[in-house]
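1. The following comprises the amino acid sequence and a computationally predicted model.
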Amino acid sequence: VVVVVMESMGAEFLNECREDGADVTPCLSRLGKEGIFFPNTYATGTRSVRGLEAISTSLPPLPGMSILRQEGNEHLQTIGSIFRDKGYDLKWIYGGYGYFDNMNYFFGHNGFQVVDRTVWDKDEVTFANAWGAADEDAFAKVIREADKSYAAGKPFLTVLLTISNHRPYTYPDGRIDIPSEKGGRLGGVKYADYAVGQFVKEAKSKPWFDNTLFVFVADHTAGAAGKEEISLEGHHIPFIIYAPKLVKARRIDMPVSQIDVLPTLLGLLNFDYDSRFYGQDALSADYEPRFFVSNYQKVGYVKNGVNVILKPVRRFSYEPGDADPKTVDENLKEGIAFYQQADR
C-alpha cells in the first residue's frame, strides 16, 4: 500500500473543476478514471498536519493543535498500528526535514521507520528548494524503499507527503511547459501532476505493482478564505484509490470525509481489526455521508447540506442561513457528540 498525500492539491486544480478548460492535471484525471474516484472529498483542516492526522488516525479535527503536535501522541491506534499488526514494513517518507511540525516524532512513535531527507544519500536529491527534494526524487525514494521490502519478502505500507506544490513552486526545468522561474502556483500544480504520472509509470515496471493499492489524496486545499466562517470549497479535495489489477474503476459522487480514507482503504483490503476510528468505509452499503471541517478554534459538522459551526464559549452558527431548523438542531447535537467524545 502506498499512500501519497499531495501538498495543497485542492479539487479546484483538477481538470474537471476548471472553468477555463485547461489541461493542468492529466495524470490525476487519468488515474481518477481508472481507479475509484471520490471527487467530493473534504479535508478536515487547512494545514498538512491536519491532513496527515485525518488520514492516519481517522479522528475529527479537534480545536487547537493537531495531534501530530501534541504531547502524548505515541502508540495510538493509527494506520501504523493496524498495518504493523498485519506484518507490514512501515515507512514514512518525506523529501524535507520531518522535524518540522513534529511529523517524524509522530510517525516514528507510531510504528513507522522515518525516511526523511536526513537519511537520504546526497545523490538521491537531484533538485531541491527550501522545503526539500522535488517530488520526482521523493517518488524515486518510494520506489527504492518498496523494492527493498519486496526483496525481503515483506508487504509494505508507505506514507509520503509531497512538497513541490508549495511556495516557492520551484521544480526541475524541462518537465512541463512552464519554466520553473515563471511557474508560480500553476507550475507547481502541473509539475506535481507530472511527477505522479512518472511515478505510476515507473511503478508499473515493478513486480510488486499488480499487488499494490495506491492512494492519492490531498492534505488540504491551496486556500480556505471566503465569506463563510468556514469555507467548504476551501476544504474540497480529491481522493483516488488506484490499483488496476485489484479494484474496479468507478466514481463515487457523494460527499466523503478525509477521516474516511483509512476505513475505506481497510475495507478494500478486507482487514479484520478492532476500531476506535471515527471514519466510515465510504464503499459500504450503510455509509452515511457527513464530514468534518475546521480552522483552528472553529470546527464544523456538515450533513444534509447544512454546516453547523461550533465556536469557543459554547457558541455556534450554521450555514446556509435559511437551513431547516430541524436539520440544524440534529447536526448541532451530532456535531457536539462527535467532537466531545473524540476529545475525551
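-> Sure thing, it's come through.

2. CA atoms for contacts and neighbours, from now on please.
-> Fine.

3. Touching, Val328 and Pro320? I think so.
-> No. Under the criterion of Cα atoms under 8 Å, Val328 is not in contact with Pro320, lying 9.9 Å apart.

4. Identify the contacts common to those two.
-> Listed as contacting both Val328 and Pro320 by Cα atoms under 8 Å, 6 or more residues apart in numbering are Val306.

5. Compare neighbour counts for these two and give me the winner.
-> Per other Cα atoms under 10 Å, whichever of Val328 and Pro320 has more neighbours is Val328, with 22 against 13.

6. Any stretches of the stretch 151-300 of the chain with poor pLDDT?
-> 225-227 (pLDDT under 70).

7. Please enumerate the strands of it.
-> Counting by DSSP state E, counting those that start in this stretch, the stretch 151-300 of the chain has strands at residues 156-161, 214-218, 236-242, 250-251, 256-257, 291-295, 298-303.

8. So what angle separates the directions of the second one and strand 236-242?
-> To tie it back to what came earlier, the one meant is strand 214-218. Angle of strand 214-218 versus strand 236-242, following axes from the mean of the first three to the mean of the last three Cα atoms, to 10 degrees, is 180 degrees.

9. What are the contacting residues of the strand or helix carrying Val142?
-> Here Val142 sits within helix 135-151, counting by DSSP states H and E. Helix 135-151 has contacts (Cα under 8 Å, 6+ apart) with 89, 93-95, 124-127, 155-156, 158, 160, 162-164, 192, 195-196, 198-199, 203, 208.

10. Grab the nearest non-local neighbour of Phe156.
-> Nearest residue to Phe156 in three dimensions, chain neighbours excluded: Asp89, at 4.4 Å (Cα to Cα, 6 or more residues apart in numbering).

11. The one you found: how many residues sit nearby?
-> Asp89, neighbours per other Cα under 10 Å, totals 23.

12. Now do the contacts for it.
-> Listed by Cα under 8 Å, 6+ apart, the contact partners of Asp89 are Ser149, Lys154, Pro155, Phe156, Leu157.

13. quick one, what contacts the fourth one?
-> With contact taken as Cα under 8 Å, 6+ apart, Phe156 is in contact with Val1, Val2, Tyr88, Asp89, Leu90, Lys91, Ala146, Ser149, Tyr150.

14. Phi and psi next, for the second one.
-> Val2 has phi and psi values of phi -120, psi 120 when expressed as degrees, to the nearest 10.

15. Show me the helices in the chain, by range?
-> 26-34, 48-57, 79-85, 103-108, 135-151, 184-203, 261-269, 325-343 (DSSP state H).

16. hmm, who's touching the second one?
-> In this case it means helix 48-57. Residues outside helix 48-57 that contact it (Cα under 8 Å, 6+ apart): 5, 7, 43-45, 59-61, 66-68, 77-80, 101, 103, 218-220, 258-262, 277.

17. What of the longest one?
-> The list of residues contacting helix 184-203 from outside it, by Cα under 8 Å, 6+ apart, reads 9, 13, 24-28, 135-136, 139-140, 143, 164-171, 175-176, 178-180, 209.

18. between it and helix 135-151, how many degrees?
-> Using the same axes, to 10 degrees, one finds that helix 184-203 and helix 135-151 are set 20 degrees apart in direction.

19. Ok, the second one next?
-> Going by the same axes, to 10 degrees, helix 48-57 is angled at 20 degrees with respect to helix 135-151.

20. which one of the strands of the stretch 151-300 of the chain has the most crowded surroundings?
-> Sort the strands of the stretch 151-300 of the chain by mean neighbour count, taking mean count of other Cα atoms under 10 Å, and strand 256-257 sits at the top with a mean of 29.

21. Just checking: what are the partner strands of that strand?
-> strand 36-42 (parallel) (DSSP bridges).

22. Kindly calculate the angle that the strand it pairs with makes with strand 291-295.
-> 50 degrees.

23. what separates strand 36-42 from the chain centre, distance-wise?
-> With Cα atoms, centre = their mean, to the nearest Å as the basis, strand 36-42 stands 11 Å off its chain's centre.

24. For it, give me every contacting residue.
-> The contact list for strand 36-42 (Cα under 8 Å, 6+ apart) reads 11, 232, 235-242, 247-258, 291-293.

25. Averaged pLDDT, that strand. What do you get?
-> Mean pLDDT, strand 36-42: 98.

26. Rebuild the contacts of Asp89 as TSV, extending it with distance to Trp131.
-> Below are the contacts of Asp89 laid out as TSV (distance: Cα to Cα, whole Å):
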residue	distance to Trp131
Ser149	27
Lys154	31
Pro155	30
Phe156	26
Leu157	24
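
27. Could you single out the nearest of the residues you listed to Val302?
-> Set against Val302, the nearest of these by Cα to Cα is Leu157 (31.1 Å).

28. hmm, back to that, only the buried members of the contacts of helix 48-57: can you turn that into a PyMOL selection?
-> To isolate the buried subset of the contacts of helix 48-57 in PyMOL, counting by 16 or more other Cα atoms under 10 Å, use the following:
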select buried, resi 5+7+43+44+45+59+60+61+66+67+68+77+78+79+80+103+218+219+220+258+259+260+261+262+277
